[in-house]
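Engineer: Structure, please.
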Amino acid sequence: MFERFTDHSIEIVNLARSEARRLGHAEVGLDHFIIALLDERSGVAGQALKEVGFTLEATRQAVKDLHEPALDKPAAATPLSEQAKQVMELCVKAAEKINDRSVGPEHILLAIIDQNDPTIRSILINLNIDAAPLKARTTYLAIEHLTPVSSVRQRVVDFMNSSNLDTPYTEDALTALKIAQDRARLASFPLAGTEHLLIGIVSGNSPVARELLWLKGVNVTLVQEQIKQLIGTMFESVVSDVGYTPMARRVLMQAQFEATRQKQETKVEHILFGLLSEERSMAAQILRNLNINPTQLRLELMVYSRPAKDPYEDLEF
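Structural biologist: Residues are numbered from 1 along each chain as shown. Reported below is the predicted structural model:
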């Protein structure tokens, strides 16, 4: 069951067992995992829990209030509850859903949220916390934190560190970026992510990038439905100033790198190329859910956007 679990995840399981025993409970429930994730101070899951309002003390008290009086003497063995066993299996799928090979604490938290367990619902109500922002924040942090530095990205970073890039965007590219930020703002996201860049490209005026996506059946409605299914909405209040997530900024950096390399202004096609280079981004996940291979689409984009060759350039007069 635990073959793909990271050392941090194994530690969470052990912390949850210790918490159940400390409280004198007969089984390790999902509520004990929440406490363990909060107590694991350096992890992405703990960060997400704290950002939406969880505290260790309040959560412990909420868990105590939900259980029968503690056992006088803890059992020799504290087994996982049936719900906890199911989560241990589902967190593998949670990791695969965002294209990660190993199971970290954040995937355990995502699986717990998806279970919609009555005990966890009671804790959320007790602490006046909504599950949707928690899932959204955990998903974002999981993707941002676990994306490895690829050779392509490292090449871009090296280039950026050694060059003074100031490649202007075309009008079409600026329009796509504005649409991305507007879509993020309307959905109450404080930062525009790669998924919003994808909407900007599909909604924009690029004769190449937009049409290539349309030919694959990608449209604004489908992308918005995928965003809702994967991460919901971020916050309740509408934000005014919208920036970009770290991954979206890397996409734009890759786009500028490609434009500079080709001695062109930064076009929508360059933004799409950067988007397809981030294989663990939310946009790439959306495309995979729509049965589109981002790597294959990037190759098609390179062919599709290649300038037409002058038929007379090789002739000698």
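
Engineer: Return the distance of residue 214 relative to residue 16.
Structural biologist: 48 Å (CB to CB, to the nearest Å). Every C-beta, even on glycine, is put in place using the N, C-alpha and C of the backbone.

Engineer: again, but for residue 272
Structural biologist: From residue 272 over to residue 16 (counting by CB to CB), the distance is 43 Å.

Engineer: Name the residues that touch stretch 110-127?
Structural biologist: Identification of contacts with stretch 110-127 by CB atoms under 8 Å, 6 or more residues apart in numbering yields 29-31, 33-34, 53-54, 58-59, 62-63, 65-66, 83, 86-87, 90-91, 93-94, 97, 130-131, 134-135, 138-139, 142.

Engineer: Which positions in that stretch come out as buried?
Structural biologist: For stretch 110-127, the neighbour count (16 or more other CB atoms under 10 Å) marks 110-115, 117, 119-120, 123-124 as buried.

Engineer: which of the residues you listed lies closest to residue 264?
Structural biologist: residue 110 (40.4 Å; CB to CB).

Engineer: Pull whichever strand or helix holds residue 86 out as PDB, backbone CA atoms only.
Structural biologist: Residue 86 is part of helix 82-97, with elements assigned from DSSP states H and E. Output of helix 82-97 as PDB, limited to C-alpha atoms (Å, rounded to 0.1, in the frame of the first residue of the first chain):
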ATOM      1  CA  GLU A  82     -11.900   1.900   7.100                       C
ATOM      2  CA  GLN A  83     -12.100   5.500   5.900                       C
ATOM      3  CA  ALA A  84      -8.300   6.000   6.500                       C
ATOM      4  CA  LYS A  85      -7.500   2.800   4.500                       C
ATOM      5  CA  GLN A  86      -9.600   4.000   1.600                       C
ATOM      6  CA  VAL A  87      -7.700   7.400   1.700                       C
ATOM      7  CA  MET A  88      -4.400   5.500   1.700                       C
ATOM      8  CA  GLU A  89      -5.400   4.000  -1.700                       C
ATOM      9  CA  LEU A  90      -7.100   7.100  -3.100                       C
ATOM     10  CA  CYS A  91      -4.100   9.400  -2.400                       C
ATOM     11  CA  VAL A  92      -2.200   7.500  -5.100                       C
ATOM     12  CA  LYS A  93      -4.900   8.600  -7.600                       C
ATOM     13  CA  ALA A  94      -4.700  12.100  -6.200                       C
ATOM     14  CA  ALA A  95      -1.000  12.200  -7.000                       C
ATOM     15  CA  GLU A  96      -1.500  10.700 -10.500                       C
ATOM     16  CA  LYS A  97      -4.300  13.300 -11.100                       C
END
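
Engineer: Check which helices and strands that helix is in contact with.
Structural biologist: On a contact count with 3 or more CB pairs under 8 Å, 6 or more residues apart in numbering; DSSP states H and E, helix 82-97 meets helix 7-22, helix 30-39, helix 105-115.

Engineer: by how many degrees do the first one and helix 30-39 diverge?
Structural biologist: What separates the directions of helix 7-22 and helix 30-39 is an angle of 120 degrees, with axes from the mean of the first three to the mean of the last three CA atoms, to 10 degrees.

Engineer: and helix 7-22, what's its mean pLDDT?
Structural biologist: Looking at helix 7-22 alone, the average pLDDT works out to 86.
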